[in-house]
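1. Show me the folded form of this:
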Amino acid sequence: MKRKIGCWIEAMRLRTLPVSVAGVIAGCGYAAAARSFDLTVAALCMAFAVLAQIASNFANEYFDFRGGLDRKGREGPRRGVTEGDITPRAMLVATLATLGAACAIGLSLICYGGWWLIAVGAFVAVGVMAYSTGPYPLSHHGLGEVAVVLFFGVIPVTLTYWLQAHNWALEVIAASVAIGLMGANVLLVNNYRDMDDDRAVGKRTLTVKIGRTATAAIYLANGYAAMGLMICTWFALGWKGVFLPLDYLVAHTALWRLLVRRRGSALNPLLGITAMLMLVFSIVLTLIIA
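-> Below is the predicted model of the structure:
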């Protein structure tokens, strides 16, 4: 029983969950700065984001197994379905149940934002599945990073902010892209690690297409671009806006140096650290601007 629970927890990919949490926190920070913070809305947005990511992770494991894209003994974390710890049917049921729970929470947000949110929720639900399956799976054609920028950056940050402040702000939109680029870096580490496995099974991730050297360069550039996109926020904060981007870039550059020196399972901790750096950045940013 304990091992079974452990397999499901591993399938959630806890190392990556800070990606969905960070976007909501950043949106809440800007809402607080606008004196519009609403704890109920924030909690609902957080629950929706986390459940949607877990559903995406479950779907990725199920559809990669069904498509023959996972192999036993892969470099990354153990895949429960591929290793026989979780049945494919159980994973499919869990995917649909988790996605359904996310949609139910999303529907409750209609009370705060209007009926147009149904279209947004449907778009997110389709994105959860389209990442791994459908006529053109995004993660199999080098578009996974683009999907992360949109679904873990632009949408959660701007929507969380709008549901509380009920307006759009240029600096929030810019910050949403910045958060998305940080989230894309988590996926870049994942694909950097799995390049050989993915190439062997015909999975055309961005790293498979452009190679590890170019992937590492994009990883480094994303961090600097993220800080550049938030220049309006830094200027608005005055002297307080100097230390956070500088600290982030020092840590980010250090992680890039580790990235280019490691291979295989040695990259697993780096994936989690990249996600945690994104989360810590969002928390500190929120504390400063709020």
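
2. Only C-alpha atoms from now on, for both contacts and neighbour counts.
-> Noted.

3. Would you agree residue 255 falls within a strand?
-> No: counting by DSSP: H, G, I helix; E, B strand; the rest coil, residue 255 falls outside a strand, being helix.

4. Determine the number of other residues adjacent to it.
-> Residue 255 has 18 neighbours, counted by other Cα atoms under 10 Å.

5. what sits against it?
-> Residue 255 makes contacts with 270, 274, as judged by Cα atoms under 8 Å, 6 or more residues apart in numbering.

6. For the stretch 151-290 of the chain, which segments count as strands?
-> Read by DSSP state E, counting those that start in this stretch, the stretch 151-290 of the chain holds no strands at all.

7. element containing the residue lying closest to residue 98 once chain neighbours are set aside, please.
-> Leaving aside its sequence neighbours, residue 98 sits nearest to residue 55 (Cα to Cα, 6 or more residues apart in numbering; 5.4 Å). Using DSSP states H and E, residue 55 maps to helix 39-66.

8. how about that helix: buried residues?
-> For helix 39-66, the neighbour count (16 or more other Cα atoms under 10 Å) marks 41-42, 44-65 as buried.

9. just the helices in the stretch 151-290 of the chain please.
-> With helices called from DSSP state H, counting those that start in this stretch, the stretch 151-290 of the chain shows them at 155-165, 170-193, 195-200, 206-210, 212-229, 231-237, 240-261, 268-289.

10. Of these, which is nearest residue 33?
-> Nearest to residue 33 among the helices of the stretch 151-290 of the chain is helix 268-289 (5.7 Å), distances taken as Cα to Cα.

11. Now do the helix or strand of the chain with the lowest mean pLDDT: which elements does it pack against?
-> Across the helices and strands of the chain, mean pLDDT, DSSP states H and E gives its lowest value to helix 80-83, namely a mean of 77. If you count contacts as 3 or more Cα pairs under 8 Å, 6 or more residues apart in numbering; DSSP states H and E, helix 80-83 packs onto helix 2-12, helix 39-66.

12. Quick one, which of the ones you listed gets closest to residue 152.
-> When the helices and strands packed on helix 80-83 are compared by Cα to Cα, helix 39-66 sits nearest residue 152, at 8.2 Å.

13. That closest one - contacts with which helices or strands?
-> helix 2-12, helix 18-33, helix 80-83, helix 88-108, helix 117-130, helix 155-165.

14. Just the buried positions in the fifth one, please.
-> Neighbour counts over helix 117-130 (16+ other Cα under 10 Å) mark 117, 118, 121, 124, 125, 127, 128, 129, 130 as buried.

15. just stretch 81-91 next, same as before
-> 81, 82, 86, 88, 91.
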